[in-house]
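A.B. asks: heads up, no residue letters with this:
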């Protein structure tokens, strides 16, 4: 990004600010939702073990989302600072490096968390189909 025109960089920073703030809100809402689910108290035997495992999986997904939220917050703050500070002709390498690393890390975190949530939902559906009614 350091080789781009100043106005184009500012447009990119502005876009990143909006995108990262939206994703940050989404990630924190997902953490709050995952935290609200507790294991079923009336589960017996193997169901109790599965409920405990599902609770641990939700906890791990929430941890991953919290770390992802940290990277999204770094992206949001550095992009906002970049709008006002990055006025050099060649750009600011530190800001560019921080933005690229935070963007890549948050992307990986969102992908891993999304995969974890998907697997958790599939497991819950498989359990529901196996349980007698």
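C.D. replies: Structure's in. What do you need? Being a predicted model, the structure only gives us computed values, none of them experimental.

A.B. asks: which residues does residue 24 contact?
C.D. replies: The contact partners of residue 24, taken as CB atoms under 8 Å, 6 or more residues apart in numbering, are 69, 72, 73, 76. (C-beta placed from N, C-alpha, C; glycine too.)

A.B. asks: residue 76 reaches residue 17, doesn't it?
C.D. replies: Yes - taking contacts as CB atoms under 8 Å, residue 76 lies within contact range of residue 17: 6.0 Å.

A.B. asks: longest helix in the chain, please.
C.D. replies: helix 45-85 (DSSP state H).

A.B. asks: report all helices and strands that the next helix or strand after it contacts.
C.D. replies: The helix or strand immediately downstream of helix 45-85 is helix 93-130, counting by DSSP states H and E. The contact analysis (3 or more CB pairs under 8 Å, 6 or more residues apart in numbering; DSSP states H and E) places helix 93-130 against helix 6-36, helix 45-85.

A.B. asks: could you rerun that using 6 Å?
C.D. replies: helix 45-85 (3 or more CB pairs under 6 Å, 6 or more residues apart in numbering; DSSP states H and E).

A.B. asks: distance between the helix it packs on and the chain's centre?
C.D. replies: Put simply, helix 45-85 sits 5 Å off its chain's centre (CA atoms, centre = their mean, to the nearest Å).

A.B. asks: ok, stretch 81-100 next?
C.D. replies: The mean C-alpha position of stretch 81-100 is separated from the chain mean by 24 Å, CA atoms, centre = their mean.

A.B. asks: which stretches of the protein have low pLDDT?
C.D. replies: Low-confidence segments of the chain (pLDDT under 70): 1-3, 38-46, 131-133.

A.B. asks: any idea what sits nearest residue 116, other than its immediate chain neighbours?
C.D. replies: In space, and not counting its chain neighbours, residue 116 is closest to residue 61: 4.3 Å by CB to CB, 6 or more residues apart in numbering.
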